[in-house]
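S.K.: What follows is a protein structure lacking sequence information:
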């Protein structure tokens, strides 16, 4: 594992032999806010910290080492998930419900908004990938059809990358591609790497995202309801109509969506409409403007529609349409 990742981001050096506090300040601005303090407050920090960093396809890729034993506290809200992999040394995490000690080759997903504290050993070196919440939501919607009510939440369980050679090779390819030249590649080259990585993270780490495979395995009648919604995505669907299609009570419809997606049927339908409309805005040729598209899907309150769209995807519908026109 160290051999594969020993030269990651070698051309993206931000700091070398630096003050840990200086590295921390840069990290706050570009990766995620935190507070750093020496584990030993009496002794001065060594000047042995380093940071390699690069933006790639909307992700923040970094290789970091503080060069001293330090404590980190993440307590402020942030709309970013962190994939963290220990390359050398060790890192001790303190969550609200448990403590975790991570060793070389072990990885963890840290949720957006999660309050944690951790301690780096003096020789701890980590690869950290910052993934914006909007990107996780986009892939989750495409994969599962809806977002959990509380948002996507990964479990705080570590995985050993030695047992996941596919993820290791993917990380190696991603970091190599990002560091391949001083100029980053065009978006249509970068985005597939990003999408594959996020899908792999959702697959590799336990979370509250229901998979389509689980739905089919556990409840075929519910799968038929999802198929009906997809086939009639532009229609004004009611709970009563879904109950009639599934030959179940309206109460059962509510219970099914709560069971599999932790949302109401109404919210699921709205999210599915937004997801379908986004695909049209990004790749469809028939749709001419945002207003036309919104009305086609039954969104008559355009201000509320734009707000919901931005909250789900991290950009306005007009920005999605503009990007398609520029490609």
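M.R.: That came through fine. Keep in mind that this is a model prediction, so the values were computed, not measured.
S.K.: can we go C-alpha only for contacts and neighbour counts from here?
M.R.: Will do.
S.K.: And the strands in the protein, which stretches?
M.R.: Under the criterion DSSP state E, the chain contains strands at 13-18, 35-38, 49-56, 59-65, 70-74, 80-88, 91-94, 99-102, 106-110, 116-120, 125-132, 159-160.
S.K.: I'd like those as TSV, with mean pLDDT and mean neighbour count appended.
M.R.: TSV is the format used below for the strands of the chain (pLDDT from 0 to 100; neighbours: other CA atoms under 10 Å):
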stretch	mean pLDDT	mean neighbour count
strand 13-18	92	15
strand 35-38	90	17
strand 49-56	91	22
strand 59-65	92	23
strand 70-74	91	18
strand 80-88	94	22
strand 91-94	94	19
strand 99-102	93	16
strand 106-110	94	21
strand 116-120	93	20
strand 125-132	93	22
strand 159-160	91	16
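S.K.: Select, out of the ones you listed, the one closest to residue 310.
M.R.: strand 125-132 (13.3 Å; CA to CA).
S.K.: Which secondary structure elements does the closest one sit against?
M.R.: strand 59-65, strand 80-88 (3 or more CA pairs under 8 Å, 6 or more residues apart in numbering; DSSP states H and E).
S.K.: Quick one, which of those gets closest to residue 71.
M.R.: Nearest to residue 71, of the helices and strands packed on strand 125-132 and by CA to CA, is strand 59-65 at 12.7 Å.
S.K.: The closest one pairs with which strands?
M.R.: strand 49-56 (antiparallel), strand 125-132 (antiparallel) (DSSP bridges).
S.K.: Now do the same contact list for residue 48.
M.R.: 16-20, 66-68 (CA atoms under 8 Å, 6 or more residues apart in numbering).
S.K.: Need those in JSON lines (columns: distance to residue 150).
M.R.: Listed next are the contacts of residue 48 as JSON lines, based on distance: CA to CA, whole Å:
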{"residue": "16", "distance to residue 150": "40"}
{"residue": "17", "distance to residue 150": "42"}
{"residue": "18", "distance to residue 150": "40"}
{"residue": "19", "distance to residue 150": "39"}
{"residue": "20", "distance to residue 150": "35"}
{"residue": "66", "distance to residue 150": "34"}
{"residue": "67", "distance to residue 150": "37"}
{"residue": "68", "distance to residue 150": "37"}
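S.K.: Which of those residues sits closest to residue 56?
M.R.: residue 16 (21.3 Å).
S.K.: From residue 47, how far out is the closest one?
M.R.: 9 Å (CA to CA, to the nearest Å).
S.K.: ok, residue 95 - contacts?
M.R.: 115-117.
S.K.: That one and residue 137: what is the separation?
M.R.: 23 Å.
S.K.: How about residue 25?
M.R.: The value you get for residue 25 to residue 137, if CA to CA is used, is 28 Å.
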